[in-house]
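Need the 3D shape of this:
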Amino acid sequence: MLNEEFGLYLNDDIFIMSDNENKMKSAFKEDVQRVGCGAHYLNKILQHAFTKDDIKYDVAQVLFKTVRSIVTKIRQCTQSLLSSYVQNYSDTRFNGFYIMFNSLLKVYYELPTVLTDEYKKHYLKIDRDTLELLCSYLKHFCDIIEKLSCEKTPTLHLVIPYKQFLINVSSITDNDDQLIIPLKKYIGKELPTYWVISDVHFLATMLHPNLKSFNHTPHEKYHAEAMLKSEFDKYHELQQQRLSSNTNNKKKQIQQKKKTLSISLDDIFDLSTSPDKLQDDTESKTEFDKYIADETRIDKDMNILTYWNNNKSLYPTLATIAQRVLSIPATNT
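Numbering: from 1, shown residues only. From the prediction side, this is the model:
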């Protein structure tokens, strides 16, 4: 394999972020923890809704084909006559549907002056109010893909709450247009199962003080807490093993020194207890318990890694977990 050529070896402690095509799933199905790209999941759901043949949502798919044909014609002939550029759909670009629909919406009233009689017939089939409602709905997906694709700050903790947000906005309301209703039904049905959530998503969400309450998905709070508790116990046990090993080594060194020294009158006393041991004996709550009970909330624009850096002395084990988990991106863009 290519990674072996460069001396790179995968194991269960390594995370790989990739898109969700079968070849990628197959490549990383063993000896690694693969995390699916959130933007790719969303893009595929929209792509299926507007283009998949076996999905019977003709109104939305007909609108897509109509708008695409007009945009294609304009880009071939009369693009320069419009106040802003129209952009065609590309299945290799995230947010392609929103970008195309919204670009046409911006010049909707200008189109009759640049279209031939044949394409004016297509144009008359497009209701502007319906197109505007569709763009408003798709804008949520566009905004979330952009948020999840941020390269300057951690994003993995946003996946679960934003997924639930999209499920909520895909619920049918009394004000929905007849075109939007079947589209929302399909997307609302696909989101819970198609967009796969991994254990690290739950860990990342729990590691944000403003999201650990799981108010967005209260039915998943117990599972998320259990996941973080399990990870905390694993890290804490490793740390205790290292401390125990260091303590035993120090005791051996002390005993060896005593053998070489003359007997002291102070040898009748037991060795003093370290401050860390005294603190452990007097405090029954673990740092996990304290973090769960902590009601501190941070500014929404604060980098979550800054929070953990500021609190690493209070929550040393959790800070170590946070540095590892929150370094995983939500997308591979």
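
Setting aside sequence neighbours, what's the nearest residue to Thr116?
Distance criterion C-beta to C-beta, 6 or more residues apart in numbering; nearest residue to Thr116, sequence neighbours excluded, is Lys73 at 7.8 Å. Placement of C-beta: from N, CA and C, glycine included.

Not counting the helix or strand where that neighbour lies itself, show me its contacts.
Secondary structure from DSSP states H and E places Lys73 in helix 58-77. Contacts to helix 58-77, defined as C-beta atoms under 8 Å, 6 or more residues apart in numbering, come from residues 49-51, 55, 82, 86-89, 97, 100-101, 103-104, 111, 114-116, 119, 122-123, 125-126, 130-131, 134, 178-179, 182-183.

Out of those, which end up buried?
49-50, 82, 86-87, 89, 97, 100-101, 103-104, 111, 114-115, 119, 122, 126, 131, 134, 179, 182-183 (16 or more other C-beta atoms under 10 Å).

Quick one: mean pLDDT over the helix or strand containing Ser230.
Secondary structure from DSSP H and E places Ser230 in helix 221-260. Model confidence over helix 221-260, given as mean pLDDT, is 73.

now stretch 102-111
The pLDDT scores in stretch 102-111 average 97.

do the same with stretch 43-63
Stretch 43-63 carries an average pLDDT of 86.

quick revisit: report how many residues lie close to the residue nearest to Thr116.
18 (other C-beta atoms under 10 Å).

so how far is Gln79 from it?
Look at Lys73 and Gln79: by C-beta to C-beta, to the nearest Å, they are 10 Å apart.

Could you do Ile144 as well?
Ile144 sits 30 Å away from Gln79, going by C-beta to C-beta.

So for those two, which sits in the more crowded spot?
Per other C-beta under 10 Å, whichever of Ile144 and Gln79 has more neighbours is Ile144, with 21 against 14.

so the closest residue in space to that one that isn't next to it in sequence is in which element?
Using C-beta to C-beta, 6+ apart and skipping the chain neighbours, the partner closest in space to Ile144 is Tyr162 (4.8 Å). In the assignment (DSSP H and E), Tyr162 maps to helix 159-169.

Report the rounded mean pLDDT for the helix or strand following that helix.
Once the chain leaves helix 159-169, the next helix or strand it forms, by DSSP H and E, is helix 180-194. Throughout helix 180-194, pLDDT has a mean value of 94.

Appreciated, that's everything.
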